[in-house]
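1. just a sequence and a predicted model for now, questions to come.
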Amino acid sequence: MFAILRKVIIIVILSAVITGTPPSALAASEDWELLNEIYNLTEENYVNQVDSDVLEEAAIRGLINSLGDPYSQYISPDEVSEFCSSVDEEYVGIGVVLQQIGDQLIIRDVIPNSPAARKGVRAGSIVVSVDGITIKGLALDKIGKLFNGEAGEYIRLTVTLPGIGTRENYSIKQEKIRPPVVNSFLMDGEVGYLYLKSFPYWAPDEIATALAELQAQDARGLILDLRGNLGGYLEAATEIASLFLLKDKPVVKIVDRNNKVEIVRSKGPGQDLPMIVLVDGQTASAAEILAGALQANNAALVLGTRTYGKGALQTVYPLSNGGVLKLTTAYYITPDNQSIEGEGLKPDVRVTAKEKPVEKALEILKEQFCDTFANESLVCQEI
């Protein structure tokens, strides 16, 4: 989902909740005569008792749905908390990834530097109980509630390890968890690989750290993998683009309802290693912005299949009842004027998943290494 800045979301939502102004009744509007007429007739004459709040919410949702825009949405006060969590990807917990296999609940992974990791909880452990409640036989939704809590609260976790059978007990303090979104390593001793899962607000810091580590290992080229990346914050995308593009290079153009164009530019510092960006049909939104910016500025070759095509920007407005309205208010296009909405980015080199994109990217980069050596009058041996 393409989101506005996290701080803005939090501020506008809190301000709506604090003011607590009651929503206006439908009948209070003088501009919707037919709607008011139908509302009053229904409330006064329908055979069963009607709930005016339910009618109002149904009318609101019907209004937004009539736009035919899958990204515009009314979010009720009860849905705001879940909406914020989905935008941020940050959550309160102990930092474990759970998987149910049969009647067993397995800790599939432990997030580095999380409360669970610091306590020594190991991946592969089988969860026996949470706060004294036996897990076996519980439905997934009930299990999830056992792990839900507030920051600072403790969870008592009992686990066993396969093949050992001895039980281990932990008391783990819950805190805000930022799941890592970057995976990086050096391939073949010379190509830095960066996989970016999504664009939460902490993604630029993770990418910057990973990029610095790869450069310290003398990486001669980069592969940025954006396959399956459904996007996130616009600011995260522009900050990451700034790591790869020189200062003042255009990152994205934002076009409003009056065709006014705002150009967002790189803040630098940029880098000059040869680079390939991997994309697929699930590369969307902020990921398309980043890929499009690198492609348009000739900073990277885009390899893969046509991207998803989500080029609509949403603004979140606070409402007097504590809910919010997420509304498409602009479209974005690439610096070289490629439209993304409904079309997606066309890769420079089309390679399907079956054709092994990573291996193809490695091959292309190594050919560039050879060309560089040849231009410097050095002997280029087959790598």
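-> Everything's here; your move.
2. rest of the way, CA atoms for contacts and neighbours
-> Noted.
3. ranges for the strands of the stretch 1-150 of the chain?
-> With strands called from DSSP state E, counting those that start in this stretch, the stretch 1-150 of the chain shows them at 73-75, 91-93, 96-101, 104-110, 126-130, 133-134.
4. how about the stretch 201-350 of the chain?
-> Listed in chain order, the strands of the stretch 201-350 of the chain (DSSP E, counting those that start in this stretch) span 221-225, 250-256, 261-265, 275-279, 301-304, 312-318, 324-333, 349-350.
5. for these, which one sits closest to Glu57?
-> Each of the strands of the stretch 201-350 of the chain has some distance to Glu57 by C-alpha to C-alpha; the shortest is strand 324-333, at 12.3 Å.
6. now that closest one: average pLDDT?
-> Mean pLDDT, strand 324-333: 96.
7. show me what it is packed against.
-> strand 73-75, strand 250-256, strand 312-318 (3 or more C-alpha pairs under 8 Å, 6 or more residues apart in numbering; DSSP states H and E).
8. tell me the confidence at Thr315?
-> 92.
9. between the strands of the stretch 201-350 of the chain, which one is nearest to Ser72?
-> strand 324-333 (4.4 Å).
10. wait, Gln295 sits on Leu301?
-> Yes: between Gln295 and Leu301 there is a contact under C-alpha atoms under 8 Å: 6.2 Å.
11. helices of this protein, start to end?
-> 6-19, 33-45, 52-65, 80-88, 115-119, 140-147, 203-216, 234-244, 286-296, 357-375 (DSSP state H).
12. deepest of the ones you listed, which one?
-> Mean neighbour count (mean count of other C-alpha atoms under 10 Å) peaks for helix 286-296 among the helices of the chain, with a mean of 27.
13. other SSEs contacting that one?
-> Identification of packing neighbours for helix 286-296 by 3+ C-alpha pairs under 8 Å, 6+ apart yields helix 234-244, strand 250-256, strand 301-304.
14. ok, 10 Å please
-> strand 221-225, helix 234-244, strand 250-256, strand 275-279, strand 301-304, strand 324-333 (3 or more C-alpha pairs under 10 Å, 6 or more residues apart in numbering; DSSP states H and E).
15. export those to JSON lines and append columns for distance to Leu41.
-> Output for these, formatted as JSON lines (distance: least, C-alpha to C-alpha, whole Å):
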{"stretch": "strand 221-225", "distance to Leu41": "57"}
{"stretch": "helix 234-244", "distance to Leu41": "46"}
{"stretch": "strand 250-256", "distance to Leu41": "39"}
{"stretch": "strand 275-279", "distance to Leu41": "54"}
{"stretch": "strand 301-304", "distance to Leu41": "57"}
{"stretch": "strand 324-333", "distance to Leu41": "28"}
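16. and of the strands of the stretch 1-150 of the chain, who's closest to Ile254?
-> Closest to Ile254 of those is strand 73-75 (C-alpha to C-alpha; 20.7 Å).
17. next up, the contacts around the nearest residue to Thr158 once chain neighbours are set aside.
-> Counting by C-alpha to C-alpha, 6 or more residues apart in numbering, Thr158 lies nearest to Asn169, which is 4.5 Å off, once chain neighbours are set aside. Asn169 sits next to Val121, Val128, Ser129, Val130, Arg156, Leu157, Thr158, Val159, Thr160 when contact means C-alpha atoms under 10 Å, 6 or more residues apart in numbering.
18. and the pLDDT at Asn169?
-> pLDDT at Asn169 comes out at 95.
19. same check, this time on Leu378
-> On the pLDDT scale, Leu378 gets 37.
20. quick one: the nearest residue to Arg306 once chain neighbours are set aside and Ser198, what's the gap?
-> Take Arg306 and drop its neighbours on the chain: the residue closest to it by C-alpha to C-alpha, 6+ apart is Lys346, 4.9 Å away. Here Lys346 is placed at a distance of 20 Å from Ser198 (C-alpha to C-alpha, to the nearest Å).
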